[in-house]
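Trainee: Just the structure for this:
(one chain, ligands or ions: 1)
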Amino acid sequence: MDLGISGKRALVCASSKGLGRGCAEALAEAGCTLVMNARSAGPLEQASGEISEAYGVEVTAIAGDITDPEGRAEVLDAAGPCDILVTNAGGPPPGYWTDWDRGDFIDALDGSMLSPIALMQALVPGMMERGWGRVVNITSRSVKAPLLPLGLSNAARSGLTGFVAGTSRQIADKGVTINNLLPGVHDTARIDQMDDVMAAQKGISRDEARKIRAAGIPAGRYGDPAEFGKMCAFLCSTHAGYIVGQNIVLDGGETFATI
Ligand code: NAP
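Mentor: Residues are numbered from 1 along each chain as shown. I've put the predicted structure just below:
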């Protein structure tokens with residue numbers, strides 16, 4: 001399927017690895033010009049070089065913390081007007097609800113709610129003026145069903161979800177859509193770390209921990225960042241203009257919910 005977005009300019013935040021990289025690759029495959037971002041310059045340069053070579057598209061790499069106002073301003077300056085925005089960053093740390101003080105909540109809100117909102121406020125007005133745009137926010141299945149150790153994520157990502165629910169409907173008539181992708185367990189460095197924690201707790205190998213985790217997923221496996229990226233690219237396509245303010249769960253069926 002031709003996604004109809006060849007030549008569009010896409011900013012994909014936090015994209016040197018994992019789900020962000022999956023989105024960057026799929027958009028590059030669709031012919032988009034990319035602006036990629038991550039904090040560490042080395043892996044970012046490597047990823048952007050590989051993607052540019054593989055798909056023959058122009059890729060600009062801007063290292064910086066997308067949750068920090070200065071880092072974000074540098075990325076936005078370098079990116080200029082964009083047709084497509086994919087927001088992403090690392091998630092808040094796990095813990096127990098009595099562990100967290102106001103500062104922890106403010107950090108979580110800054111990273112997982114206010115940062116994507118600031119990116120939308122910077123780029124969506126231009127999309128509206130030009131009459132076309134796509135925003136995809138990478139959130140988490142914790143928005144649909146809470147993950148108990150991730151109370152900071154449950155809270156902050158729900159705030160972003162509420163913002164998107166209203167705002168997406170205020171701008172849809174300008175040809176701009178905003179939707180959220182809610183990942184479940186995907187095969188990324190972040191999940192390797194979680195499997196290592198489980199392995200250490202149970203005195204087993206990472207592979208054994210992975211088998212236990214995968215057995216709890218109806219699909220019987222972890223998600224692939226590449227398939228996640230393809231869904232992102234479809235949401236950014238010309239065919240997805242009637243998908244507005246949705247929360248699409250990509251979790252192999254792990255969230256037991258009827259709708
Ligand atoms: P990952 O494999 O660890 O990759 C994270 C990417 O984001 C890296 O490129 C990292 O590069 C970059 N990054 C992290 N924080 C950043 C920041 N503040 N500014 C700029 N770049 C940043 O993680 P992932 O598994 O793809 O997860 C991405 C998001 O999805 C996270 O919010 C995570 O909580 C959420 N999620 C993931 C899963 C899953 O199964 N993988 C499930 C549910 C939710 P640098 O370290 O160099 O910055």
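Trainee: Mind splitting this structure into its structural domains?
Mentor: As assigned by automatic domain parsing, the chain contains the domains 9-184+224-249, 187-222.
Trainee: Endpoint to endpoint, the shortest one covers what distance?
Mentor: For domain 187-222, the first-to-last residue distance is 6 Å (C-alpha to C-alpha, to the nearest Å).
Trainee: buried stuff in it?
Mentor: 187-188, 190-191, 194-195, 199, 209-210, 213-214, 217, 222 (16 or more other C-beta atoms under 10 Å). Backbone N, C-alpha and C define where each C-beta goes, glycine included.
Trainee: mind giving me TSV with those residues and columns for pLDDT?
Mentor: Shown next, in TSV, are the buried residues of domain 187-222 (pLDDT from 0 to 100):
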residue	pLDDT
D187	97
T188	96
R190	89
I191	92
M194	90
D195	94
A199	95
A209	96
R210	96
R213	95
A214	97
I217	98
Y222	98
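Trainee: Which ones among those residues map onto helices?
Mentor: R190, I191, M194, D195, A199, A209, R210, R213, A214 (DSSP state H).
Trainee: ok, residues contacting the lowest-mean-pLDDT helix or strand in the chain?
Mentor: Every helix and strand of the chain was ranked by mean pLDDT, DSSP states H and E. The lowest is helix 189-202, at a mean of 93. Contacts with helix 189-202, where a contact means C-beta atoms under 8 Å, 6 or more residues apart in numbering, come from 17-18, 90-91, 185, 204-206, 208-210, 212-213, 222.
Trainee: ok, so of those residues, who is nearest H239?
Mentor: Within those, the smallest distance to H239 is 25.7 Å, found for G18 (C-beta to C-beta).
Trainee: ok, how many other residues are close to that closest one?
Mentor: G18 has 22 neighbouring residues, counting by other C-beta atoms under 10 Å.
Trainee: how about the buried residues of domain 187-222 in JSON lines, adding distance to the ligand?
Mentor: Written out in JSON lines, the entries for the buried residues of domain 187-222 read as follows (distance: C-beta to the nearest ligand atom, whole Å):
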{"residue": "D187", "distance to the ligand": "8"}
{"residue": "T188", "distance to the ligand": "3"}
{"residue": "R190", "distance to the ligand": "3"}
{"residue": "I191", "distance to the ligand": "5"}
{"residue": "M194", "distance to the ligand": "8"}
{"residue": "D195", "distance to the ligand": "11"}
{"residue": "A199", "distance to the ligand": "16"}
{"residue": "A209", "distance to the ligand": "14"}
{"residue": "R210", "distance to the ligand": "12"}
{"residue": "R213", "distance to the ligand": "10"}
{"residue": "A214", "distance to the ligand": "12"}
{"residue": "I217", "distance to the ligand": "11"}
{"residue": "Y222", "distance to the ligand": "7"}
